[in-house]
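Asker: Next come a sequence and a model predicted from it.
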Amino acid sequence: MAGVVVVGASLGGLRAADALARSGYGGGITLVGDEPHPPYNRPPLSKEALVDEQEFEAIRLRSSSKGGAVNLVTGLHAVSADLSRGLVFFSNGSEMAFEGLVAATGLRPRALPIPKPGAGVLVLRTYADLLRLRGELAGVRDVAIIGAGFIGCALAASLTQLGYSVSVIAPEDVPMLRPLGEELGGALLRHHSAQGIKFGLSRLPVTIEGDARPERVVCNDGSSFDAQLVIEAVGSATNTEWLEGNGLELSDGILCDERLSFGGQGRFLAVGDVARFPNLAFDAVPRRVEHWGIAVDTGRYAGKALGRLLTSGEAEPAFKPMPAFWSDQFELRIQSFGMPGLVTDPAAIRVLEGDLDGEVVVGYYREDTLVGVVLVGFVQSHLKYRAAVAESLAAAGTSS
Amino acid sequence: MKVIVDLNKCNDHGQCVYSAPDVFALNDRGELSFRDEARDLYVSGELDESLRDVLEEAADICPMQAIEIEG
């Protein structure tokens, strides 16, 4: 009998399988991942798991489904699928039949196409990457991180705390520019610089010099940064190749409708980083949202929606989550609600409380609607500001 | 049904408060309020079965995976 196959044993995939099991669906649920491990939590890879040398069990994700409800298969890589026949094919030549499919194949890190030595240049996405990083850190004094996004900055903070001399190299003029904007990014630049991180901003690396291992990163403005280890945190590519040939829009993740469904039947859904969907609480533009919390929310929604559809033929209401993310860097907790990244006009980004060089709350406006907030510190205030975003969005929704 | 929070894992993100406001709260220092009554492990009293869905959501959304549901 054809049940549901969840491709990708990630956070989103696991939550989808759990929610489907809870829905009472009895057709059989298989969760397939290409890593050798059961599902685990990725954010600690750049933080606690690195700094405290946690073992795998510390980051393993709990499953809420009862024993046997979800059949977990690890180490199996999906290479193609035929949606019309309900089949997914794997690299070992096997196949699985399905009546419902959840795509949770996520992202893979990009590497820069620049000259580099064969060893000592890494990415960090998986637990295997973390083990490699731990091994490669032996004997290293200087680390260069290419990319100043959240992962690059969190990693830089962790490695600085571990005593390494860390450089961050990126084309933007402040770290975390795209999600946070110029002013708050600038404040975090001052903070992180004072903690000892060397920033090489407004420049591009052109070559990583060194014979067997890195010695320095050379940039297009002639500057160079000593590094015996280089970590590339320059963005990601979506893992959608296995869905090609089914007439889907896969140019930036899997294009979904407001119910996370693709392929037009409601029986195929995408979750997590790979899903590009409109969040009608904000607008009708489909976007991918690379937040940990969105992986949970999309997974829970997809499992529930699929269970309901397959057992009763009914559709769930549209998926309209409140995006939230956090990042702990040094002693700072950065938290965000809504979609601050939608706002690029500096005049529409305002300090709501505190000041930029200490604890601060920043509001991001589209017209008069508060579409996002970012808190640095103010940990006792996030309920209030999350509610303010929700209320503002609801008011805008009823007036338009 | 009981809820168990590992207060050493918990990092006071407060995501649980959005999911299950009848069970979880933050104190005025922004810490999980269970810290006022327990040190390493918080174990609730018997909770009503009607809370199971929201507790499952709270456990799922906990960034530190510090929440477990027993029974």
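Answerer: Structure's in. What do you need?
Asker: which ones are touching residue 21?
Answerer: Looking at chain A here, since you left the chain open. A:29, A:65-66, A:69-70, A:303 (CB atoms under 8 Å, 6 or more residues apart in numbering or on different chains). (C-beta placed from N, C-alpha, C; glycine too.)
Asker: how far away is A:A103 from chain B?
Answerer: As judged by CB to the nearest CB, to the nearest Å, A:A103 and chain B stand 19 Å apart.
Asker: Go ahead and confirm that residue touches A:V5.
Answerer: No: contact criterion CB atoms under 8 Å: A:A103 and A:V5 do not qualify, at 9.7 Å.
Asker: more crowded one of the two?
Answerer: Neighbour totals were compared for A:A103 and A:V5, and A:A103 leads with 34 against 26 (other CB atoms under 10 Å in any protein chain shown).
Asker: what's the closest non-adjacent residue to residue 60?
Answerer: This is for chain A. Spatially, and ignoring its direct neighbours in sequence, A:R60 is nearest to A:Y40 (5.2 Å; CB to CB, 6 or more residues apart in numbering or on different chains).
Asker: oops, chain B please
Answerer: Leaving aside its sequence neighbours, B:D60 sits nearest to A:V296 (CB to CB, 6+ apart; 5.4 Å).
Asker: Low-confidence bits of chain B, can you list those?
Answerer: Nowhere does chain B drop to pLDDT under 70.
Asker: What residues does the stretch 301-400 of chain A have near chain B?
Answerer: When proximity is defined as CB under 8 Å from any CB of the partner chain, the stretch 301-400 of chain A approaches chain B at A:324, A:326, A:328, A:335, A:378-383, A:386.
Asker: Repeat the analysis, applying 7 Å as the threshold.
Answerer: A:326, A:379-380, A:382-383 (CB under 7 Å from any CB of the partner chain).
Asker: Out of the residues you listed, which sit inside strands?
Answerer: Residues of those located in strands (DSSP state E): A:W326.
Asker: quick one on the thing from earlier: could I get the contacting residues of the residue nearest to A:R60?
Answerer: Going by CB atoms under 7 Å, 6 or more residues apart in numbering or on different chains, A:Y40 touches A:56, A:59-61, A:127.
Asker: In three-state terms, how would the closest residue to chain A within chain B be classified?
Answerer: Closest approach of chain B to chain A (CB to the nearest CB) occurs at B:G30, with a separation of 3.4 Å. In three-state terms, and counting by DSSP: H, G, I helix; E, B strand; the rest coil, B:G30 is coil.
Asker: Filter the residues of the stretch 301-400 of chain A next to chain B down to the buried ones and hand me the PyMOL line.
Answerer: Buried residues within those, by 16 or more other CB atoms under 10 Å in any protein chain shown, are selected in PyMOL with:
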select buried, chain A and resi 326+379+382+383
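Asker: Using TSV, lay out the residues of the stretch 301-400 of chain A next to chain B together with pLDDT and distance to A:P171.
Answerer: Output for those, formatted as TSV (pLDDT from 0 to 100; distance: CB to CB, whole Å):
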residue	pLDDT	distance to A:P171
A:W326	91	25
A:V379	89	32
A:Q380	87	36
A:H382	88	31
A:L383	89	37
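Asker: where do the strands sit along the stretch 151-300 of chain A?
Answerer: A:165-169, A:198-200, A:205-209, A:216-219, A:224-226, A:229-232, A:236-238, A:254-255, A:268-270, A:275-278, A:286-288 (DSSP state E, counting those that start in this stretch).
Asker: Right, I'll leave it there.
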